[in-house]
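Student: have a look; sequence and predicted model below, questions after that.
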Amino acid sequence: MLLRTFSIQTLGCKVNQYESEQVAVVLRSRGMVQVRAAEADLRIVNTCSVTTEAAAKSRQISRRMLSLPVLGSNDHSPDLLKSGRSGRVIVMGCWATSNPTEAAELPGVDAILTHHDDVAGQLHRLLNEWTDNDNISHGNTCTYGGIGPGTSRLPLLDQHQQAQQRAFIKVQDGCDAHCTYCIIPQLRPNLWSKPVEDVVKEAGRLVACGHKEIILSGIFLSAYGRDTALRRRQPKDSSLPLGDLISALCTQIDGLRRVRLSSLEPGDLTDELISVMRQYPQVVPHFHLPLQCGSDRLLRRMNRQYGRDDFIRMVDRVNQAFDRPALTTDIIVGFPGETDEDFNQTLRVMDHARFIHVHAFVFSARPGTAAARWTDDFVPGPIARQRLATLTRSADSHGFSFRQQFVGKTVELLVEQPRFDGPPNHGRCERYFEVHFDPANVRPGQAVKVQIENVTMNRTTGRIVHVLD
Ligand code: SF4
């Protein structure tokens, strides 16, 4: 069967989204066209395994993709008719890597690609095989294990990322830090960094096709250029690979308006890195600093590489070095053994840092991790959910007071795609929050200056005072 069209369903984090874009580049290079799942000859599900819910959803969406008929397919080969559907389904990503047997047993799945596979190479091989040999029957699932360089051979992006004014570039993969709640080091154990020249080439292409903002992403971003994410094992020399990367991007790419870093931890934000970032106006004053928890006792139990005071010192340094920086974070509530006092300590760090947004989630036991075995210490669901609600209220109120200081001030927005039909009516500013304006004759991706007029708990509104380009 000639596979002409494909679809990709992506679950999980930005790294997964980026890798799905890379897979799309591979398939487009073979002349295939991306369409909705219902119309695709080849359906790919890029799965996530970070929480129990994400794993369940990955399984569910894979099943759904397997049950869809292919509309408009002209293929009527006996095998396909017998199987009751046409087209092919590949399941890849973190859940496929953590549960390859379960994924391969999904009825009718054609191939499983894990993080240990040469994903680009295997895609080409499968497509050649399926195109050359109509007689390969469905249900003959191929699983490839431990033979390739993971996703690192997937191509650089060369096209506008869909529906995004910001472009993510994965510059680093892998983690060996082994936080006790996290399955990632088992799924992506090998550390890899994209060479500076490749990042510059990729960012240049993305800027040339309309992106003005690049977000540097990785599983453990600050391990960029390092063999390990464990700070105690990193060389104590003066090299600063992430700083070199930022300098290269900011000096070599015309038209790049913003560089944003996806995540930094205490120990990453050295004076040297701060000084590099301050040199370049393209580096936005927004920092995502994943706290996870404000209790030293639990941070040790999580095997994080910092304590509460280290975290507070980092926040203070960022506040001193940058003009009203916006800080965001990740927090896990209900980690095994979390007491009211532990949680109150998290709230106290929140009050100190005044995070404007918190990506908070309830602890989810991932089989195979140390924390999943601490069942005696599991926090009851209602308590964890109540803590989650308290955290969210606290972040909302900090976000509100942060945004209030900009009333009457002018900020720069990159205009975003409108969510409904009609002209654009919002954009995101350097400090990450969204600002709404009256629908205007501007293009998504355009940079505009907006004077902030009103701030409420849920919304910031302003008036366009200048269209930049
Ligand atoms: S640093 Fe910790 S939480 Fe982050 S990917 Fe590595 S093990 Fe997981």
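Tutor: Received it, and whenever you're ready, just let me know what you need. Numbers count the residues shown, from 1 in each chain.
Student: pLDDT on stretch 200-213, on average?
Tutor: If you average the pLDDT over stretch 200-213, you get 92.
Student: ok now that stretch, how far from the chain's centre?
Tutor: Mean C-alpha position of stretch 200-213 versus that of the full chain (Cα atoms, centre = their mean, to the nearest Å) differs by 18 Å.
Student: which bits of the stretch 151-300 of the chain sit near the ligand?
Tutor: Remark: the part of the stretch 151-300 of the chain in contact with the ligand comprises 175, 177, 178, 179, 182, 184, 185, 219, 220, using Cβ under 6 Å from any ligand atom. In this view, the C-beta of every residue, glycine as well, is placed from N, C-alpha and C.
Student: now the helices for the stretch 1-150 of the chain?
Tutor: With DSSP state H, counting those that start in this stretch as the definition, the stretch 1-150 of the chain shows helices at residue ranges 14-29, 52-67, 78-83, 94-98, 100-104, 119-132.
Student: go through those helices and name the closest to residue 167.
Tutor: Put simply, out of the helices of the stretch 1-150 of the chain the one that sits nearest residue 167 is helix 14-29, at 9.2 Å, with distance taken as Cβ to Cβ.
Student: report pLDDT for the residue nearest to residue 11 when sequence neighbours are not counted.
Tutor: In this structure, residue 11 finds its nearest non-sequential neighbour in residue 48, 4.0 Å apart by Cβ to Cβ, 6 or more residues apart in numbering. Turning to residue 48, the model gives it a pLDDT of 95.
Student: quick one, what contacts residue 48?
Tutor: Applying Cβ atoms under 8 Å, 6 or more residues apart in numbering, we find residue 48 in contact with 11, 12, 13, 16, 54, 55, 57, 58, 93, 94, 95.
Student: for the third one, give me phi and psi.
Tutor: Residue 13 has phi and psi values of phi -80, psi 180 when expressed as degrees, to the nearest 10.
Student: pull the number of nearby residues for it.
Tutor: Burial of residue 13, expressed as a neighbour count using other Cβ atoms under 10 Å, amounts to 18.
Student: the residue of the stretch 1-150 of the chain found nearest the ligand: how many residues sit nearby?
Tutor: Closest contact between the stretch 1-150 of the chain and the ligand, by Cβ to the nearest ligand atom, is at residue 50 (8.7 Å). The number of residues packed near residue 50 is 22, by other Cβ under 10 Å.
Student: shouldn't it be in contact with residue 12?
Tutor: Yes: between residue 50 and residue 12 there is a contact under Cβ atoms under 8 Å: 6.2 Å.
Student: name the residues contacting each of those two.
Tutor: Residues touching both residue 50 and residue 12 by Cβ under 8 Å, 6+ apart: residue 94.
Student: low-scoring stretches of the stretch 101-250 of the chain, by residue?
Tutor: Confidence mapping of the stretch 101-250 of the chain against pLDDT under 70 gives the ranges 133-152, 158-164.
Student: one more time with 80
Tutor: Residues of the stretch 101-250 of the chain that meet the criterion pLDDT under 80 lie in 131-153, 158-165, 236-238.
Student: which parts of it are strands?
Tutor: Taking DSSP state E, counting those that start in this stretch as the criterion, the stretch 101-250 of the chain contains strands spanning 111-113, 142-144, 166-173, 192-193, 213-218.
Student: domain parsing for the chain?
Tutor: Domain segmentation of the chain under automatic domain parsing yields 5-150, 156-284, 410-467.
Student: put together a markdown table for the contacts of residue 48, with distance to the ligand and pLDDT on each row.
Tutor: As requested, the contacts of residue 48 are exported to a markdown table (distance: Cβ to the nearest ligand atom, whole Å; pLDDT from 0 to 100):
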| residue | distance to the ligand | pLDDT |
| --- | --- | --- |
| 11 | 17 | 95 |
| 12 | 12 | 90 |
| 13 | 10 | 88 |
| 16 | 13 | 91 |
| 54 | 14 | 93 |
| 55 | 15 | 93 |
| 57 | 20 | 95 |
| 58 | 18 | 96 |
| 93 | 15 | 95 |
| 94 | 11 | 94 |
| 95 | 16 | 95 |
